[in-house]
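K.L.:
Provide a 3D model corresponding to the input given below.
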Amino acid sequence: MAPSNLQVNANGNAEEAITFWTKQFMGKLLVLTLLLLSTIEVSSQNLTQQQYLEDLAFFKTELANRHKNLFSVISEKEFNQKIAEIEKKSSSLTKESFEIELFKIIKAIGDEHTFIVPAYQTSFPITFDIFEEGIFVTKTDSAHSNLLYKQLNGIGPKATKNILEDFKTIINTENQSYFEVNFLNLIKNPRVLIGLNLATSEANGVFLLGGEKHNILAIQKGDYSPLISPDYLRYKKKDKYWYELIDNGNILYFNYQSCSEQKNNPFETFNEELFSSIEKNKPRKIIIDLRNNSGGNSGILSPFLEKLKKSGLNTKGSLYVLIGKNTFSSALMNAVDLKRNFNSILIGESTSGNVNHYGEVRGFDLPNSKIEVGYSTKYWEVWKGHKGPLLPDISIKYSIANVKQNVDEAVEYVRKKN
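P.N.:
Purely as a prediction, here's the structure:
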């Protein structure tokens, strides 16, 4: 392309041509920036007081009528009181503060499958995770690669410890893993940060990373394409399910990232290939990694479980299941099955989902703000009498120092276990 670009300015010199194309590029960049800003402006327009009241009334009525058991944790009286408190503030509500108020009610409801999803357009192109040493950037795009592995010291005017306290007002804290997952998701959201007085614009945010201030521009949600280290096994592929022989063929590592079918690779076909590899290579151990799996259809894994039950790998010391804070919903149900009905050893962190929980989510949109409301329609008693999340048999604490070296503590535990 470079020679043809220069030929456009054949009567001038190369420097003039480069200047010409630089101007063309900057012009297009300006247009794209203006389009993004106009999208943000439209999405952040506030509603009238009457519109907020209409949405609140719709939220109150529809959620109570549709939910399987809305008042299992919060009483109906308390729920109505919280609605009334927001009504009193209706004249001063903004789109951001209205969303924060709804987040607070969702927290009080105490059902992990009841939630709101405001009609966000943008997100910060940065992904954090929590380690022994603190909160660090674990993924970002090519434009911000210099921020990888930087520690989060603050956002806007507040230090990290104060930010965590702010998020505890809108996220349930009874299950630490549940809090962490939702915190890590919402911290990338410009409007949530505005609602919590941590940012002033949907277009950018000021993050204190590694002791330095970085003004990060928000991008369209669908435009975020984070860099992935090909050497860090857990995130090596984006496929919904994949496997790899590791440890010189002694271990078959099966990464199951989504309880759903992958286009052009049905799970039944994949499963036959996986067990053919087991039969051919005869690994001594198998690792089933559910740490990235937030659910879907628990039945997708059934063909694998049927074959595993009859396999020689279904023995103590050969079968390992990795769980963590992102193991949720249907993936959690799969993990419970592997815990109770197989000779497995669970390794990692506690799950964000509770073993027995309301679920089978349906949804509706609020008429004016277009906020999506998810609600539970069924109670799942997966393990009778069990309280809280699924806990690992072997607890693992992850270190950012090991991530930098592409070392996964949970996988290393299995490698070294005799």
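K.L.:
only C-alpha atoms for contact and neighbour calcs from this point on.
P.N.:
Will do.
K.L.:
pLDDT weak spots in the stretch 151-300 of the chain?
P.N.:
Along the stretch 151-300 of the chain, no part satisfies pLDDT under 70.
K.L.:
could you show me where the strands are in it, in order?
P.N.:
Secondary structure of the stretch 151-300 of the chain (DSSP state E, counting those that start in this stretch): strands at 152-155, 158-159, 204-209, 212-217, 219-220, 241-246, 251-256, 285-289.
K.L.:
out of those, which gets nearest to residue 140?
P.N.:
For residue 140, the closest of these is strand 212-217, at 11.3 Å, according to CA to CA.
K.L.:
on that earlier part again, redo the strands of the stretch 151-300 of the chain as JSON lines? Include mean neighbour count and distance to residue 344.
P.N.:
Formatted as JSON lines, the strands of the stretch 151-300 of the chain follow (neighbours: other CA atoms under 10 Å; distance: least, CA to CA, whole Å):
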{"stretch": "strand 152-155", "mean neighbour count": "21", "distance to residue 344": "36"}
{"stretch": "strand 158-159", "mean neighbour count": "15", "distance to residue 344": "42"}
{"stretch": "strand 204-209", "mean neighbour count": "20", "distance to residue 344": "40"}
{"stretch": "strand 212-217", "mean neighbour count": "14", "distance to residue 344": "44"}
{"stretch": "strand 219-220", "mean neighbour count": "18", "distance to residue 344": "42"}
{"stretch": "strand 241-246", "mean neighbour count": "17", "distance to residue 344": "18"}
{"stretch": "strand 251-256", "mean neighbour count": "22", "distance to residue 344": "14"}
{"stretch": "strand 285-289", "mean neighbour count": "23", "distance to residue 344": "10"}
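K.L.:
tell me, how many residues neighbour residue 230?
P.N.:
By the criterion of other CA atoms under 10 Å, residue 230 has 11 neighbours.
K.L.:
nearest residue to it in space, please, no chain neighbours.
P.N.:
Nearest non-adjacent residue to residue 230, counting by CA to CA, 6 or more residues apart in numbering: residue 236, 5.0 Å away.
K.L.:
residue contacts, that neighbour?
P.N.:
Applying CA atoms under 8 Å, 6 or more residues apart in numbering, we find residue 236 in contact with 228-230.
K.L.:
just say helix, strand or coil for residue 82.
P.N.:
Recorded secondary structure, residue 82: helix (DSSP: H, G, I helix; E, B strand; the rest coil).
K.L.:
against residue 103, how distant is it?
P.N.:
12 Å (CA to CA, to the nearest Å).
K.L.:
which of the two has more residues huddled nearby?
P.N.:
Neighbour count, other CA under 10 Å: between residue 82 and residue 103, residue 103 has more, with 20 against 16.
K.L.:
would you confirm that residue 256 contacts residue 294?
P.N.:
No - using CA atoms under 8 Å as the test, residue 256 is too far from residue 294 to be in contact (10.2 Å).
K.L.:
can you count the residues close to residue 211?
P.N.:
Neighbours of residue 211 under the rule other CA under 10 Å: 12.
K.L.:
now swap in residue 237 and tell me
P.N.:
When neighbours are counted by other CA under 10 Å, residue 237 registers 16.
K.L.:
residue contacts, it?
P.N.:
Per CA under 8 Å, 6+ apart, neighbours of residue 237: residue 230.
K.L.:
how about 7 Å then?
P.N.:
With contacts defined as CA atoms under 7 Å, 6 or more residues apart in numbering, residue 237 is in contact with no residue.
K.L.:
look up phi and psi at residue 359.
P.N.:
Torsion angles at residue 359 (phi, psi; degrees, to the nearest 10) stand at phi -160, psi -140.
K.L.:
could you check how many residues crowd around it?
P.N.:
The number of residues packed near residue 359 is 21, by other CA under 10 Å.
K.L.:
residue 381 is in contact with that one, correct?
P.N.:
No - using CA atoms under 7 Å, residue 359 is not in contact with residue 381, being 10.4 Å away.
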